[in-house]
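Student: pasted the sequence and its predicted model underneath.
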Amino acid sequence: MTDLLSVHNLVKRYKQLTAVDGVSFSVAKGQCFGLLGPNGAGKTTTIEMMEGISKPTSGEVRLFGEPASRKAFERVGIQFQNTALQDYLTVAETLALFAAFYTKTIDREELIGLCSLGDFLNRDARKLSGGQRQRLLLALALINDPDLVFLDEPTTGLDPQSRRNFWELVQAIKHRGKTIVLTTHYMDEAETLCDDIAIMDQGRIVERGSPAQLLERHFDGVMVNLPATAVEGKVLPFEMLANRDRVEIQTTAVDAIVRQLAEAQVPLTGLQVKSPNLEDLFLKLTGHALRA
Amino acid sequence: MMSRLLAVFNARNKEFWRDRSSLAWNFAFPFLLVFGFYFIFGQGMPMFKVGVIGEQDAYISRPAFMQLSHIQFVPYDELETALNRARRHQIDLVLDLDRQLYWVNEESRNGYVAERLLVNADPDFNRRVVQGEPIRYVDWVLPGIIGMNIMFSSLFGVGYAIVRYRKNGVLKRLKATPLSAFEFVSAQILSRLLTVMLVASIIYFGSHWALSTLMLGNPFSLLLTLFVGALAMISLGLAVASRSRSEELTGGLMNMATWPMMGLSQVWFSLEGAPPTVQSIANALPLTHLVSAAREITTEGATLMQVSDHLLVLAGMTALFLTIAALLFNWDSDHR
């Protein structure tokens, strides 16, 4: 597959702070690539260097096989994490404003249909709900019919239903053959949308692969977890990983674990058994929870 | 209830005292005003204003009239300028020391009294007469009010808007499109020019229609002058807002730019006879040139050629402010 986007040894320093420390990866055409990590991991800084919003201290960004240029950015769509829109403009006027910036644009009606904007086209953009606003911001990112779309934490702050609606939109964009780069700290979002994932922590990529590959690589079996208070002061013959107020045990033999816990007189109230997910993986890789 | 009130009272006090820029401004501003006015009007207002033609210092003994107190003597290089002032009752007498002549406007009450004082002190001066209705204060102040409106609308309308856009991320979002900084800034300038010119025209022609305010010059010359002045003001707003992301700091800078102009650019009162330092400062301010040119056109019937010095200064200031704005302009809200 052709690489639509690639970054090589990307570094961004702010005085004493190194926000991004030698990041390299590539994204193939038609893929949804996820950059995961907790707040402050360097996701937004990395994505902003790829978007051309900020300059790397060193390293290179290549778009469509060439060094990033003004011409290349005409084929890119961007949805920022936090952005305001011009005051007193309706949704329709905001779409018209942004459409005027590009030589090539997507059909207006098609865009309105794709992002479900039809019900509030004439509403002041400041008066939209969280979900409606994110749909408008996505529409602005798609207005130039881009080949590559950057979505920076697009569902942060949305209620569960709005998040799911937004995921459906992203799936629809994927089906149109667009390449998507997505940052998120929601694991379910990454598992649902992303074909390929890079996990970032403290400015570096600590793991890379598809969600299934990553879980397979790092986990064997299931996760048994208990309230941390239940095992306090107990000496148990297996490794436990602390996750906030709970402890987790990775195992392929749940029966044996439960038996050993019972023998050690650990109360089993609150015991849960679940398949490992990316959140567990992150905890394992970095030693701290993803949404810390 | 009292404890809740006190808690909010304390929190608000801390907020105020810890916001250094606003605190400094709150203390410095009234002092600046008091000292400024003391400097300008420290000597008290004179009872009469007399224009003097000729080099006063060249005379070993000046006329006895000029030794009198409470009369302000304003030097003029050109007789015609002084006579125009006397015709409009802006000065009470004109003296020509070389030729021992004086001019008085017979319709001016102050002129009558000043003439009695002169004739008593120096009977050798020969009398000449000028005629003319006084300029009403409204005629005199109208260009000042329009100029002031242009200044506030341009500086705050452009400067504040850009800082707000930068702070809330609108600029960053626009940067992510093919829109260039030049296109964005030009659009801001044109939009504000349209608003400012529309408002200024309505104020001027509305007053002219409703109050029959004076218009001795060409209305198109006035519009062109206002246009050039508005460009200078908008450019100043852009320069002030080119980099800042703090509305508080920009507000302070805007106040620092506007208040000296309010005081020194002859919006409300003439600086004729004020100390030369004050006049030099006033001449460095764009509003001074905007108001002076507009006033010369409306109250003296000046042509574009006659106010071209003011227009050239405004054009030069525009170029300077735009260069500063272009060199410093920053899209980002976060230039860490």
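Tutor: On my side now, so go ahead. Numbers count the residues shown, from 1 in each chain, chains lettered A, B, ... in the order given.

Student: now do the strand or helix carrying A:Glu110: which elements does it pack against?
Tutor: Using DSSP states H and E, A:Glu110 maps to helix A:108-114. On a contact count with 3 or more Cβ pairs under 8 Å, 6 or more residues apart in numbering or on different chains; DSSP states H and E, helix A:108-114 meets helix A:91-99, helix A:130-142, helix A:160-175. Placement of C-beta: from N, CA and C, glycine included.

Student: take the ones you listed and lay them out in a markdown table including distance to chain B, mean neighbour count and mean pLDDT.
Tutor: Formatted as a markdown table, the helices and strands packed on helix A:108-114 follow (distance: least, Cβ to the nearest Cβ, whole Å; neighbours: other Cβ atoms under 10 Å in any protein chain shown; pLDDT from 0 to 100):
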| stretch | distance to chain B | mean neighbour count | mean pLDDT |
| --- | --- | --- | --- |
| helix A:91-99 | 7 | 19 | 92 |
| helix A:130-142 | 8 | 22 | 89 |
| helix A:160-175 | 18 | 16 | 88 |
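
Student: of all these, which lies closest to A:Glu66?
Tutor: helix A:130-142 (21.6 Å; Cβ to Cβ).

Student: could you check the angle that closest one makes with helix A:91-99?
Tutor: 30 degrees (axes from the mean of the first three to the mean of the last three Cα atoms, to 10 degrees).

Student: and B:Val129, helix, strand or coil?
Tutor: With DSSP: H, G, I helix; E, B strand; the rest coil as the basis, B:Val129 sits in strand.

Student: next, count neighbours for it.
Tutor: 10 (other Cβ atoms under 10 Å in any protein chain shown).

Student: also B:Val141?
Tutor: Neighbour tally, B:Val141, other Cβ under 10 Å: 19.

Student: hmm, B:Trp268 and it touching each other?
Tutor: Yes - counting by Cβ atoms under 8 Å, B:Val141 touches B:Trp268, with 6.7 Å between them.

Student: next up, the contacts around residue 242.
Tutor: As the question left the chain open, I've gone with chain A. Counting by Cβ atoms under 8 Å, 6 or more residues apart in numbering or on different chains, A:Ala242 touches A:228, A:248.

Student: wrong one, chain B
Tutor: B:162, B:324-330.

Student: for it, grab phi and psi.
Tutor: phi -60, psi -30 (degrees, to the nearest 10).

Student: name the nearest residue to it, sequence neighbours excluded.
Tutor: Nearest non-adjacent residue to B:Ser242, counting by Cβ to Cβ, 6 or more residues apart in numbering or on different chains: B:Leu328, 4.0 Å away.

Student: before we move on, back to that, in TSV, list the contacts of B:Ser242 along with neighbour count.
Tutor: Shown next, in TSV, are the contacts of B:Ser242 (neighbours: other Cβ atoms under 10 Å in any protein chain shown):
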residue	neighbour count
B:Ile162	24
B:Ile324	17
B:Ala325	25
B:Ala326	14
B:Leu327	10
B:Leu328	14
B:Phe329	19
B:Asn330	15
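
Student: where's the dip in pLDDT among those residues?
Tutor: Lowest pLDDT among those: B:Asn330, with 78.

Student: the residue nearest to B:Ser242 against B:Ala239, yeah?
Tutor: Yes - counting by Cβ under 8 Å, B:Leu328 touches B:Ala239, with 7.4 Å between them.

Student: what does the stretch 151-300 of chain B put close to chain A?
Tutor: B:165, B:168-170, B:172-173, B:175-179 (Cβ under 8 Å from any Cβ of the partner chain).

Student: ok, 10 Å please
Tutor: B:161, B:164-165, B:167-180, B:183 (Cβ under 10 Å from any Cβ of the partner chain).

Student: ok, then the element right after whichever strand or helix holds B:Val94?
Tutor: According to DSSP H and E, B:Val94 maps onto strand B:93-96. Where DSSP H and E defines the elements, the next helix or strand beyond strand B:93-96 is strand B:101-105.

Student: any buried residues in that following strand, and which?
Tutor: Buried residues in strand B:101-105, counted by 16 or more other Cβ atoms under 10 Å in any protein chain shown: B:102-105.

Student: how far does that strand sit from the chain's center?
Tutor: Strand B:101-105 sits 30 Å away from the centroid of its parent chain (Cα atoms, centre = their mean, to the nearest Å).

Student: what's the answer for stretch A:110-127, then?
Tutor: 25 Å.

Student: what does stretch B:263-273 give?
Tutor: Distance, centroid of stretch B:263-273 to centroid of chain: 7 Å (Cα atoms, centre = their mean).

Student: can I get that stretch in CSV? Just the C-alpha atoms.
Tutor: These are the backbone C-alpha positions of stretch B:263-273, laid out as CSV (Å, rounded to 0.1, in the frame of the first residue of the first chain):
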residue,chain,number,x,y,z
GLY,B,263,-6.4,64.7,25.3
LEU,B,264,-3.9,66.0,22.9
SER,B,265,-5.3,65.7,19.4
GLN,B,266,-7.6,68.8,19.8
VAL,B,267,-10.8,66.8,19.8
TRP,B,268,-12.5,68.9,22.5
PHE,B,269,-10.2,71.9,22.8
SER,B,270,-7.5,73.7,20.8
LEU,B,271,-3.9,73.4,21.8
GLU,B,272,-3.1,76.8,20.4
GLY,B,273,-0.7,78.4,22.8
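
Student: re earlier: intersection of neighbour lists for B:Val141 and B:Trp268?
Tutor: Counting by Cβ atoms under 10 Å, 6 or more residues apart in numbering or on different chains, the residues touching both B:Val141 and B:Trp268 are B:Met148.

Student: quick one: the helices in chain B, in order.
Tutor: Assigned by DSSP state H, chain B shows helices spanning B:2-18, B:20-41, B:79-87, B:109-121, B:137-154, B:161-168, B:170-175, B:181-211, B:219-241, B:247-264, B:276-283, B:286-300, B:308-328.

Student: walk me through the domains of chain A.
Tutor: For chain A, automatic domain parsing gives the domain ranges A:3-215, A:220-275.

Student: and chain B, by the same measure?
Tutor: Split by automatic domain parsing, chain B gives B:48-130, B:137-328.

Student: ranking these by mean neighbour count, which comes first?
Tutor: domain B:137-328 (a mean of 19; mean count of other Cβ atoms under 10 Å in any protein chain shown).

Student: and residue 261, what does it touch?
Tutor: Assuming you mean chain A. Counting by Cβ under 10 Å, 6+ apart, the residues that A:Leu261 touches are A:224, A:226, A:230-231, A:234, A:236, A:238, A:249, A:267-268, A:271.

Student: should've been chain B
Tutor: B:147-148, B:151-152, B:155, B:233, B:236, B:267, B:282, B:285-288, B:290-291.

Student: ok, 7 Å please
Tutor: B:151, B:285, B:287 (Cβ atoms under 7 Å, 6 or more residues apart in numbering or on different chains).

Student: and if you look at A:Ala264?
Tutor: Counting by Cβ under 7 Å, 6+ apart, A:Ala264 has contacts A:234, A:236.

Student: tell me the confidence at it?
Tutor: pLDDT, read off for A:Ala264, is 87.

Student: repeat that for A:Leu285.
Tutor: For A:Leu285, the predicted pLDDT is 77.

Student: ok so, going back, the helix holding A:Glu110: which residues count as buried?
Tutor: So for helix A:108-114, counting by 16+ other Cβ under 10 Å, buried means A:111-112, A:114.

Student: so what touches that helix?
Tutor: A:95, A:118, A:121, A:139, A:142-143, A:172.

Student: quick check, A:Val7 in a helix?
Tutor: No - using three-state DSSP, the assignment for A:Val7 is strand, not a helix.

Student: chain B versus that one, what's the distance?
Tutor: Distance from A:Val7 to chain B, counting by Cβ to the nearest Cβ, to the nearest Å: 18 Å.

Student: sec struct for the closest residue in space to that residue that isn't next to it in sequence, please.
Tutor: In this structure, A:Val7 finds its nearest non-sequential neighbour in A:Val61, 5.2 Å apart by Cβ to Cβ, 6+ apart. Three-state call for A:Val61 (three-state DSSP): strand.
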